[in-house]
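*Asks:* Predicted model, plus sequence, below.
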Amino acid sequence: MKVREILAKTVLTRTAISGFDYCMNPYVGCGHGCRYCYASFMKRFTGHKEPWGSFVDVKINAPSLLKKQLNRAIPGVVAISTVTDPYQPVEKKYEIVRRCLEILLEKQFPVNLLTRSPLCLRDIDLFNQFHDIEVGFSIGTNDESAKKIFEPNSPTIESRVKALKTLHMEKVKTYAFIGPLLPMDSKALVEMLEGAVDEILIDKMNYPNKVIGFYRKKELEFYLSDDYFKGVGVELKEEFEKKGIPVSLIF
Ligand code: SF4
């Protein structure tokens, strides 16, 4: 992994993503290196030639930049993050997200965190001080072998569910983002997440042309079809709702 420290010009950006006002990306690149990652388009802007997943630029001035930007910003929901995983392995050493959360906390900006890593448990003490915070885990399958194919360097599904349960017990509002829908046993996934989340979001793979080659190579093309997405999406929605968990199917 090539890790580089950089001085960014900005860290808090206005976003048009529904439900959020700002996004905050403390890193460029992501050590999780998911095979389907849409954020790999970032390479076009940063000039990285290395494969996605093999580099991370650390915005070491992110906390001081954020402090300055927040002094001028109208309060609104901050999404952390949209083109990187805030709790990817380098965060353990750099603690950029933790320091940014401390700054957001001073102003009580609402926060929505999305990650694949139980490293976020380190910051429960901060989560508990926010008036408005949600912490979500991306979990696209219940199947660890599918996870290994699509997300070779991300934490196990089991560790993510365990982390969600801990957050839920600590009274932090939690959600699972089941997206993109990967090959799975939907009933098993519902059972895993029962008692761990307040809410579920479900999304399909939104850029099939980018990943079709990879799916073909793995002989998993069916799992990229509308039939699969509709079928498994509806099944998940029905099963979660039977258990009283609200679901947003966002496709
Ligand atoms: S964790 Fe998120 S940002 Fe990182 S590679 Fe996977 S999909 Fe991309």
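*Replies:* Alright, I've got the coordinates.
*Asks:* can you pull the contacts of the residue of the stretch 51-200 of the chain found nearest the ligand?
*Replies:* Evaluated by C-beta to the nearest ligand atom, the stretch 51-200 of the chain has Asp85 as its residue closest to the ligand, separated by 3.7 Å. Every C-beta, even on glycine, is put in place using the N, C-alpha and C of the backbone. Asp85 is in contact with 30-32, 115-117, 154, counting by C-beta atoms under 8 Å, 6 or more residues apart in numbering.
*Asks:* can you check Leu7 too?
*Replies:* 59-61.
*Asks:* If we use 7 Å, what do you get?
*Replies:* Contacts for Leu7 (C-beta atoms under 7 Å, 6 or more residues apart in numbering) come out as 60-61.
*Asks:* Let me see the backbone angles for it.
*Replies:* Main-chain torsions, Leu7, degrees, to the nearest 10: phi -100, psi 110.
*Asks:* same deal with the one 4 residues further on?
*Replies:* Dihedral angles of Val11 (phi, psi; degrees, to the nearest 10) stand at phi -130, psi -30.
*Asks:* What residues does the stretch 51-200 of the chain have near the ligand?
*Replies:* The stretch 51-200 of the chain comes close to the ligand at residues 84-85, 116, 154, as judged by C-beta under 6 Å from any ligand atom.
*Asks:* Compare these and tell me which has the most neighbours.
*Replies:* Asp85 (30 neighbours; other C-beta atoms under 10 Å).
*Asks:* Using the three-state scheme, assign that residue.
*Replies:* For Asp85, the secondary-structure state derived from DSSP: H, G, I helix; E, B strand; the rest coil is coil.
*Asks:* re the thing from before, ok, which pair from the residues of the stretch 51-200 of the chain next to the ligand is furthest apart?
*Replies:* Thr84 and Ser154 (12.7 Å; C-beta to C-beta).
*Asks:* Let me see the mean pLDDT of stretch 105-121.
*Replies:* If you average the pLDDT over stretch 105-121, you get 98.
*Asks:* residues of it that come out buried?
*Replies:* Applying a neighbour-count criterion of 16 or more other C-beta atoms under 10 Å, one finds 105, 109-121 buried in stretch 105-121.
*Asks:* Thr10: which of the residues you listed is nearest?
*Replies:* Phe109 (15.9 Å).
*Asks:* Assumed the closest one was part of a helix.
*Replies:* No. Counting by three-state DSSP, Phe109 is not part of a helix but coil.
*Asks:* Skip the chain neighbours and tell me the closest residue to it.
*Replies:* With sequence-adjacent residues excluded and distances taken as C-beta to C-beta, 6 or more residues apart in numbering, Phe109 is closest to Val78, at 5.3 Å.
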